[in-house]
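Novice: sharing a model prediction with you, sequence too.
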Amino acid sequence: MIKIDKRNIIKELCYCARLYEKNLSNKNIMFIYKDEKVKYIETKFTKSNFLHLTGITILNQKLSANMFYNQCLKNRVEEKMFCYRKDGNTIKKMSVLAMLMNIHKNAKMIGDYDGNKIFLYSNKLIGNVNSCLGFIPKNNYYICNTSLKEDIRNITYNHRKIICILSKKIQEKYYNEITYINSQYREDIYYTKEIMDKIVEEKREKFGYCVKDGNDI
């Protein structure tokens, strides 16, 4: 594994934590995709998920995932707090981490993990040809548990195109932000009642406006 100075790793960790806080932390993200019909999964991002995506190992057992995340936000991470993972994937994960902090906008595909990587325990993978996040089901949502520097097409079967991404805070009932939409499929989404029922009313009207008048959101 190519070694990178821990000071550079710390700089990237703190930068990515701020991106995570802005874009993903305490949020539900719905990824809508096109199969034979329009389908979707709902994901949940919490503070404790961030550490799993970094590829580093915490050395202080008293330092929880949440505490480490807060240290990153405050630029208080020290070299003695962590080490590289033994599987050699730390640098790979860190090289794509910033890109993955914008997955609510740049995810292009979703697929089922094909089982080729022995130590990967994810069920769903979401991303693009450069990187992806792995997710496992928990209660009514999918929780991210890993990051990968991989072409999603090479490690999934039945991968499908993502056609829309919606966002909301965890405590909110309805999705109220459209972070990505492929306008080619807006009519398919509009007529999928199960999805529309999860979107705040004023955004439903916006989808309907698009379908009726042919305007972009």
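Specialist: That came in fine, so what should we check first?

Novice: when you work out contacts or count neighbours from here on, use the C-alpha atoms and nothing else.
Specialist: OK.

Novice: can you give me the buried ones in the helix ranked longest in the chain?
Specialist: Secondary structure of the chain per DSSP state H: the longest helix is helix 6-23. Residues 9-10, 12-21, 23 are the ones in helix 6-23 that count as buried (16 or more other Cα atoms under 10 Å).

Novice: got a list of contacts for that helix?
Specialist: 50, 54, 69, 72-75, 77-79, 94, 97-98, 101-102, 104 (Cα atoms under 8 Å, 6 or more residues apart in numbering).

Novice: do that again at 6 Å, thanks
Specialist: Helix 6-23 has contacts (Cα atoms under 6 Å, 6 or more residues apart in numbering) with 72-73, 75, 98, 101.

Novice: again, but for stretch 37-48
Specialist: If you take Cα under 6 Å, 6+ apart as the criterion, stretch 37-48 is touched by 24-33, 65-66, 141-143.

Novice: beyond the longest helix of the chain, next helix or strand please.
Specialist: Per DSSP states H and E, the first helix or strand lying C-terminal to helix 6-23 is strand 27-34.

Novice: pull the CA atoms of the host helix or strand of Cys144 into PDB?
Specialist: If you go by DSSP H and E, Cys144 is part of strand 141-148. The C-alpha trace of strand 141-148 is given here as PDB (Å, rounded to 0.1, in the frame of the first residue of the first chain):
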ATOM      1  CA  TYR A 141     -34.000   2.100   5.800                       C
ATOM      2  CA  TYR A 142     -30.700   1.300   4.200                       C
ATOM      3  CA  ILE A 143     -27.600   2.400   6.200                       C
ATOM      4  CA  CYS A 144     -24.300   3.000   4.600                       C
ATOM      5  CA  ASN A 145     -21.500   0.800   5.900                       C
ATOM      6  CA  THR A 146     -18.600   1.100   3.500                       C
ATOM      7  CA  SER A 147     -17.100   3.100   0.600                       C
ATOM      8  CA  LEU A 148     -15.400   1.600  -2.400                       C
END
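
Novice: since that was my last question, I'll sign off now.
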